[in-house]
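Student: Sequence first, predicted model second:
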Amino acid sequence: MKIGIVGVPPQEILDKYKGNDFVDLDTLFDFTDNSKAEIYLPKIYCATIKSIIANALTIKLDLIIFDNGYSKCDNGRFVSEILKRELKVPLITTQNNATGRHPQTICESDLELRKKFDLIVDSVIKDVDKSKLKYVEPDYGFWGVPPNDFSILDLFPKETHVFGWARCMEAKVPADLELETMVKEDLPTVFYAQAFCSKNSLAKYLAKKHNGLYVEVDDVIDNSVKSKIEAYLLLNK
Amino acid sequence: MLLGDVGTSYTKILDTEKEEYKVMNTLDLLKSEVRFDIACGHNAKLKTDRVVNELVALEKGSRELIGDGNFLVVDVGSRDIKYVKMKGNKYEEMDWNALCGATLGFSIELLENHFNVKTSEMEKASQSLGVTCGVLGMAKIFDKISEGCEINNVLASFVKGIAENVYRFINKPESFYLSGGLCNNTLFINSFRCKVEPLGRFVLLEGLRKF
């Protein structure tokens, strides 16, 4: 079976379907055409949510497991309802309330930041070998969700730790607000949120509180945001 | 060395051997063969192999001109506003508005050319025109004129509106240093409700000297 997942569904549900072919619908694949989502969504909307709809409309799926509660986002709750009504694919909705934090080895490893995120996303749907990962002392932090456009991650050196919801993904506790809001004091951190995502409120608040840099990106990162992040990293060197 | 701050409308140039500064239209520069040893700015990569981040150049240049590491400096360009705040030589805060609501210097110049006036020679306005961005602000200007308001008053209100935007963008400080071409516009400087110390339009070039 080909199973589309959204968010971080509870481990017991994923275990039940172990051995099947999982695909993470939150991902911006090479073939993802976000404009496809506009038959159901407003043109101006969260790019990640658009990718979910576009992927669900494009990939031939046998089942969708949609973690759609406060462990994901309000947008996810509404969009799961749209998919349930519009697709002829069975859709299971879940709320992941797991509280047992797994180690966040990838988030603090010496991998390039993009590779960290690739592994974090992979870790939701398959077992990832973390035994060879080495801890790195951080120079910077990146707080947020996996961005729609991963090229933003290439701006950071490997001495960057991951915080925010991406960290909750690796810890397998997507509803853990305490972990989501945890940052390292005095570590220069970029607080990233996808445009039109309610997590912007947290990103802006935490950036102000911790002298960080708040950035909001819609769809694909532009040169202005790149320059802004580059300046922040250089000024905090 | 030839240093360049290649902005959207104007390019500021410093020949360090002759200690000579000049300003040229960026469109003319782009048509020319000029290449810089080091450059910053929106179009810099078209004219140099060594690009320096604008905000970093602004910070380094300001530190040199001000003489210490405690300052808030704002650069108001044709299409963007950026600021950096340093405390005890350490980073404190920054932001860079380069898209929505940011075509500010460009808007002022466009209006000056259209109405054939110099805003720098105008009296400060008592009221500001609510300006969310240069382009939307222009629509308001033409509305006010059609209502019979005097052109100079409307333009001065527009400039005050832009000053208010900048003031809010930098979190309403008691004073700040200003960088960029608008340092020569006394109306713009007087339209702020706090102390403004102009550093001139070559601040980023001073920063480039450090590379």
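Tutor: Yep, that arrived. Numbering: from 1, shown residues only, chains lettered A, B, ... in the order given.
Student: is chain B contacted by stretch A:214-232?
Tutor: Yes - using C-beta under 8 Å from any C-beta of the partner chain, we find that stretch A:214-232 touches chain B at A:D222, A:S224, A:S227, A:K228, A:E230, A:A231, A:Y232. Any C-beta I mention is one placed from the backbone N, CA and C, and that applies to glycine too.
Student: how about the CA coordinates for that stretch, as CSV?
Tutor: Output of stretch A:214-232 as CSV, limited to C-alpha atoms (Å, rounded to 0.1, in the frame of the first residue of the first chain):
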residue,chain,number,x,y,z
TYR,A,214,12.3,36.5,12.9
VAL,A,215,11.8,35.5,9.3
GLU,A,216,8.6,34.7,7.5
VAL,A,217,8.9,33.0,4.1
ASP,A,218,6.1,32.4,1.6
ASP,A,219,6.7,29.5,-0.8
VAL,A,220,10.3,30.0,-2.1
ILE,A,221,12.9,32.1,-0.3
ASP,A,222,13.9,35.3,-2.1
ASN,A,223,17.2,37.3,-2.1
SER,A,224,16.0,39.8,0.5
VAL,A,225,15.4,37.1,3.1
LYS,A,226,18.7,35.4,2.2
SER,A,227,20.6,38.7,2.6
LYS,A,228,18.8,39.3,5.9
ILE,A,229,19.8,35.9,7.3
GLU,A,230,23.3,36.2,6.0
ALA,A,231,23.7,39.6,7.7
TYR,A,232,22.3,38.2,11.0
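Student: In which helix or strand does B:R168 reside?
Tutor: Under the criterion of DSSP states H and E, B:R168 resides in helix B:151-169.
Student: who's in contact with the residue nearest the centre of chain B?
Tutor: Among the residues of chain B, B:V76 comes closest to the average C-alpha position under C-alpha atoms, centre = their mean, at 2.4 Å. Going by C-beta atoms under 8 Å, 6 or more residues apart in numbering or on different chains, B:V76 touches B:L104, B:G105, B:V166, B:L178, B:S179, B:G180, B:L182, B:F188.
Student: So what does it have for phi and psi?
Tutor: phi -100, psi 110 (degrees, to the nearest 10).
Student: which two in the contacts of B:V76 are spaced the farthest apart?
Tutor: B:L104 and B:S179 (13.6 Å; C-beta to C-beta).
Student: Which of the contacts of B:V76 fall within strands?
Tutor: B:L178, B:S179 (DSSP state E).
Student: How far off centre is stretch A:191-209?
Tutor: Put simply, stretch A:191-209 sits 13 Å off its chain's centre (C-alpha atoms, centre = their mean, to the nearest Å).
Student: re earlier: quick one, which of the residues of stretch A:214-232 next to chain B are buried?
Tutor: The neighbour count (16 or more other C-beta atoms under 10 Å in any protein chain shown) marks A:S224, A:S227, A:K228, A:E230, A:A231, A:Y232 as buried among the residues of stretch A:214-232 next to chain B.
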